Every structure is written in C-alpha cells, then in structure tokens.
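Student: Need the 3D shape of this:
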Amino acid sequence: MSKVRKAVIPAAVLGTRFLPATKTLPKEMLPLVDKPAIQYVVEEAVAAGLTDILIITGRNKRSIEDHFDRNFELEYYLDRDGKHEMLKDVEASSNLADIHYVRQRDPLGLGHAVSVAREHVGDESFAVMLPDDIMADGSMLLRSMLDHHDRYGRSVLALLEVAADEISSYGCVEPIPFHEPLVEVRRIIEKPSLDEAPSNLAVFGRYVFTSDIFDALDRIEPGRGGELQLTDAIALLLEDQTVYGRKFDEGRHDIGQKLGFLRANIELALDRDDLGGDVAEMLRDIVRKRGL
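Tutor: Numbers count the residues shown, from 1 in each chain. Model (predicted):
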C-alpha cells in the first residue's frame with residue numbers, strides 16, 4: 001500500500017457550462033447514471049488506498065457534504081419498505097472514507113484551491129483529483145502514480161496525448177524519456193499555442209504532489225483574471241526537483257463539457273450488467289428511427 005494517504009478534490013468552481021442546472025445544484029452533484037459525479041472520484045481515491053479526503057467547496061455546495069453524510073430518515077424508510085439494495089447503496093456513500101471539507105472563499109483559480117489544503121495536508125505527500133475528469137479504469141492510473149511517487153519520492157503528473165489543435169486547452173509538458181510509461185518533465189506550459197507547445201502531452205486532472213508544492217504556490221503571481229495557476233507552481237517546483245509524468249491512454253471521461261458528460265453517462269450505463277443490454281437496444285432504436 002502507498003505511503004500517501006490523503007487526496008484533495010477541488011470542487012468550488014461555478015459550473016457555468018451547465019447552467020441553468022447548476023444555478024442551485026453543484027456541477028459535481030450532476031448524476032452519472034445514478035451516482036453524482038464526485039462520488040466516482042471519491043470511490044477512485046478509496047480504491048487506490050486514499051482514505052483521508054479533503055473536498056474544497058464553495059458557496060452553494062452544501063449538498064456535497066449532505067450527500068456523503070448519513071440520512072437517517074431515508075435509511076429508515078428504505079429498511080422499513082424492504083428496499084435493502086437501495087439501502088446498501090445509500091449507506092455506502094456515507095461510509096466511503098474520512099471526508100473533510102474546507103471552503104475556497106474566493107474563486108482565485110486551481111492553484112489557490114490547492115493551497116487551501118495546506119493546513120490539512122501538512123508535510124505529507126498527497127493526491128489532487130479534479131472532478132471534471134472521471135476515470136473508469138479501476139483506479140489503475142492513480143495507483144500507478146502513487147507507486148511511482150513511493151519509488152522516486154517526487155511529484156507525478158498524469159499525461160494524455162491529445163490532438164495538436166486541442167493542446168491550447170491544457171497544460172502541456174516537454175518530456176524527457178525515462179522508463180515507459182513514465183517520463184521526466186523538462187518544462188510545463190499553461191495552455192500554449194500550437195507553435196509554443198513542446199509536445200502533444202497534456203496534463204490531465206490527476207496529480208500526486210510532495211508537500212513542496214505549497215511553497216511553490218506561495219511564490220507564484222496571479223495570472224489572467226487574478227487567478228493562481230497550478231501549472232505555474234509546478235514550473236517553479238521543476239526548478240528545485242525532478243517531476244515525473246505518467247502517460248496513459250484510456251479510461252478517461254471528460255465531463256467538464258456537455259458532450260463529454262452525455263458520452264460518460266452512456267458509456268458508464270453500457271458497462272453495467274443491469275443496464276447495458278437495455279441501453280444498447282435503446283441506442284440502436286434511436287439510430288434506426290432517426291435514420292442515422
């Protein structure tokens with residue numbers, strides 16, 4: 001088991017791409033089939049051995065806390081009515097891990113959100129997991145990143161090859177060959193133009209950091225919109241120590257945009273024994289009726 005115990009999940013963003021649904025409902029609570037998106041991330045962390053989880057929340061995010069808390073009235077009625085499978089699922093969501101919460105009071109970017117975790121994390125290494133990215137890989141990527149961190153004692157970033165015309169939407173790294181699928185990171189650039197991009201390896205929403213990242217976060221300057229960029233802190237960290245990147249190529253669902261969210265719902269439903277066959281038939285029927 002990894003030496004790392006803690007995960008930080010930043011969940012304070014407004015979710016404007018999903019308005020009006022997210023006017024009162026946190027984006028992280030939008031359902032993927034029948035579970036809120038953030039529960040998939042917490043379950044991934046727990047499956048990788050991380051049982052101390054800090055969720056960075058903001059205003060109007062109280063339903064996240066309520067979801068992972070007990071609901072005694074609901075549990076009572078499910079038990080009384082003999083709905084024991086539903087009861088088991090409800091109870092499981094409140095027993096996943098030791099979950100803590102802290103608010104990011106000002107929307108100052110991902111770097112600021114991670115810095116809010118400093119008091120909780122202390123001098124320990126920790127994982128950062130962005131809830132816009134859902135992994136359907138049995139936590140294989142995260143476990144691998146934790147293993148690499150334990151072996152080399154350095155921070156590890158998840159890296160995904162993207163199309164050249166997409167790289168300007170991500171942080172991008174210049175890799176140095178190491179031991180596949182691991183690379184050393186020579187430098188990192190936030191949302192480079194196609195001409196500036198040193199590779200097509202994009203930084204994806206899983207990180208394992210040493211606690212040194214907090215000192216780097218203290219040194220960065222606000223960028224566009226007054227936000228503190230996590231990428232800038234990683235660039236400073238690279239000046240003092242090696243940072244690794246762990247390449248992967250499957251299992252990711254990008255639910256930060258509408259088409260990705262819809263696709264994730266369909267693919268996750270297709271993977272389920274209780275729904276897969278019916279969903280496949282439904283899709284065939286839709287295609288047939290629309291002549292697609």
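Student: for the protein, what spans make up the helices?
Tutor: 37-47, 62-67, 72-80, 84-93, 110-115, 118-121, 140-152, 212-219, 230-240, 258-270, 276-290 (DSSP state H).
Student: Just say which of those is most tucked in.
Tutor: Most buried of the helices of the chain, by mean neighbour count (mean count of other Cβ atoms under 10 Å): helix 110-115, with a mean of 23. (Glycine included, C-beta is placed from N, CA and C.)
Student: Does that one pack against any helices or strands, and if so which?
Tutor: strand 6-10, helix 212-219, helix 230-240 (3 or more Cβ pairs under 8 Å, 6 or more residues apart in numbering; DSSP states H and E).
Student: How many residues are close by the closest residue to residue 183 other than its chain neighbours?
Tutor: Closest residue to residue 183 apart from its sequence neighbours, by Cβ to Cβ, 6 or more residues apart in numbering: residue 175 at 3.8 Å. For residue 175, the count of nearby residues is 18 (other Cβ atoms under 10 Å).
Student: can you tell me how far residue 175 sits from residue 182?
Tutor: Distance, residue 175 to residue 182, by Cβ to Cβ, to the nearest Å: 10 Å.
Student: and if you look at residue 291?
Tutor: 48 Å.
Student: Between the two, which is the more surrounded one?
Tutor: residue 182 (19 against 5).
Student: pretty sure that one contacts residue 148?
Tutor: Yes. Shown here, residue 182 and residue 148 form a contact pair, counting by Cβ atoms under 8 Å, at 5.9 Å.
Student: Need the residues touching each of these two.
Tutor: 156, 244, 246 (Cβ atoms under 8 Å, 6 or more residues apart in numbering).
Student: correct me, but the last one touches residue 141?
Tutor: Translated: residue 246. Yes. Contact criterion Cβ under 8 Å: residue 246 and residue 141 qualify, at 7.1 Å.
Student: Mutual contacts of those two, please.
Tutor: residue 158.
Student: got the helices and strands packed on helix 110-115 as a markdown table, with distance to residue 160 and mean pLDDT columns?
Tutor: Formatted as a markdown table, the helices and strands packed on helix 110-115 follow (distance: least, Cβ to Cβ, whole Å; pLDDT from 0 to 100):
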| stretch | distance to residue 160 | mean pLDDT |
| --- | --- | --- |
| strand 6-10 | 19 | 97 |
| helix 212-219 | 21 | 96 |
| helix 230-240 | 15 | 95 |
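Student: will you turn the ones you listed into a markdown table that also has distance to residue 38?
Tutor: Shown next, in a markdown table, are these (distance: least, Cβ to Cβ, whole Å):
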| stretch | distance to residue 38 |
| --- | --- |
| strand 6-10 | 7 |
| helix 212-219 | 22 |
| helix 230-240 | 19 |
